[in-house]
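*Asks:* Predicted coordinates and the sequence they were generated for:
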Amino acid sequence: MEGSILIVDDDPIVVKSCEYVLKPEGYEVKGVTKVKEAMGVLVNQNFDLIITDLKMPEIDGVKFISWLKEKNIPSGIIVMTGYPSQESIKDTLELGIVDYVTKPFSPSFLLDVVAKGIKFMMTRTTLLKGEVDASKSKAEELKKIIQTNKNKPGALIPILQKTQELIGYLPASVQRIIAKELRIPVSEVHAVVSFYSFFKMKPRGKHSIRLCLGTACYVKQATEILEKLKSHLKIEADGITEDRKFSLETVRCLGACGLAPVVVVDGDTYGAVDPVKADELLVNYE
């Protein structure tokens, strides 16, 4: 795995822990314990991702992220905090973070978030173009959905449901349009979309495959199952096959740790999956 990451946390143990987990995976990692030091580093060096704590002395994480935006630093931002709150997450979502990690975290959890963050940043231009194209092609229908429902009580969820039926998923560009039309923060729309598993932010195939990479599944060879499925479908994680028949998604938990490792295809749950035979799960769906 390639990618450069800057870790910013006032606790040197956290910085070292992140380095210990990420460096063996092939990431180029630099850790600092002061925001001012991070600012100095960023003057001369670019990173694909910046992972920053929120509560830090002198300059906190929110002010640091605001500085990154003001300076047009192109890095993706992942927030890492031991004191998560709706208000802090809302503030950082408004500033356009990629994801967040709650302390304490498992190595597999950190690797999952970072891998998705790196992939997003490396394909951002293509993704944004695809999102814009999707929303433009359905612009009139989308406008009609919003206008018909915007003045109804609790309008957001019905609008999101009908929009997903129209487009198939809820990309960032569409979330921004809905937020603007309803005159609410984008973070409020994003919070609803990310809270309900029904809503999807990426296109999905006819058959949706979800593989758990949580700790219980990770230690029981979930990564080998992932490689087997990727090879069989000829796609990467969070990808979709050319015929749009299958999409492959990794998740942090499926709520079935006792069945680890777990794979869910559509609504069907498969436990104690053998990595060698993982592709056989798809026979009935092909």
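*Replies:* Received, thanks. As the structure is a computational prediction, the values presented were derived from the model and not from experiment.

*Asks:* Please count neighbours and contacts with C-alpha atoms only from this point.
*Replies:* OK.

*Asks:* Output the below-cut-off pLDDT ranges for the chain.
*Replies:* The chain contains residues with pLDDT under 70 at 1, 83-95, 122-138, 197.

*Asks:* Give me the domain ranges for it.
*Replies:* Following automatic domain parsing, one gets these domains for the chain: 4-122, 125-195, 207-285.

*Asks:* Any chance of JSON lines for the ones you listed, columns distance to residue 201?
*Replies:* Putting the domains of the chain into JSON lines (distance: least, Cα to Cα, whole Å) gives the following:
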{"stretch": "domain 4-122", "distance to residue 201": "12"}
{"stretch": "domain 125-195", "distance to residue 201": "5"}
{"stretch": "domain 207-285", "distance to residue 201": "11"}
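
*Asks:* quick one: contacts for the residue lying closest to residue 60 once chain neighbours are set aside?
*Replies:* Sequence neighbours aside, residue 54 is the residue nearest to residue 60 in space, at 5.7 Å (criterion: Cα to Cα, 6 or more residues apart in numbering). Under the criterion of Cα atoms under 8 Å, 6 or more residues apart in numbering, the neighbours of residue 54 are 60, 61, 62, 79, 80, 81.

*Asks:* rerun at 6 Å
*Replies:* 60, 61, 81 (Cα atoms under 6 Å, 6 or more residues apart in numbering).

*Asks:* Show me which of the residues you listed is closest to residue 241.
*Replies:* residue 81 (35.6 Å; Cα to Cα).

*Asks:* Strands of this structure, residue ranges please.
*Replies:* With DSSP state E as the criterion, the chain has strands at 4-8, 28-32, 49-53, 76-81, 99-102, 207-212, 239-240, 246-251, 263-265, 268-270.

*Asks:* Return the most buried member of the ones you listed.
*Replies:* The highest mean neighbour count among the strands of the chain, using mean count of other Cα atoms under 10 Å, belongs to strand 49-53: a mean of 27.

*Asks:* Export the strands of the chain as JSON lines, with columns for distance to residue 222.
*Replies:* Below are the strands of the chain laid out as JSON lines (distance: least, Cα to Cα, whole Å):
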{"stretch": "strand 4-8", "distance to residue 222": "25"}
{"stretch": "strand 28-32", "distance to residue 222": "25"}
{"stretch": "strand 49-53", "distance to residue 222": "25"}
{"stretch": "strand 76-81", "distance to residue 222": "24"}
{"stretch": "strand 99-102", "distance to residue 222": "21"}
{"stretch": "strand 207-212", "distance to residue 222": "7"}
{"stretch": "strand 239-240", "distance to residue 222": "17"}
{"stretch": "strand 246-251", "distance to residue 222": "10"}
{"stretch": "strand 263-265", "distance to residue 222": "9"}
{"stretch": "strand 268-270", "distance to residue 222": "13"}
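
*Asks:* closest to residue 233 out of those strands?
*Replies:* Taking these one by one with Cα to Cα, strand 246-251 is closest: 7.8 Å.

*Asks:* which residues sit against that closest one?
*Replies:* 204-212, 237-240.

*Asks:* How much space separates residue 98 from residue 217?
*Replies:* Going from residue 98 to residue 217 by Cα to Cα, to the nearest Å gives 24 Å.

*Asks:* Can you pick out the residue with more neighbours from those two?
*Replies:* Comparing residue 98 with residue 217 by other Cα atoms under 10 Å, the one with more neighbours is residue 217, at 28 against 22.

*Asks:* Was I right to think the more buried one contacts residue 261?
*Replies:* Yes. Between residue 217 and residue 261 there is a contact under Cα atoms under 6 Å: 4.3 Å.
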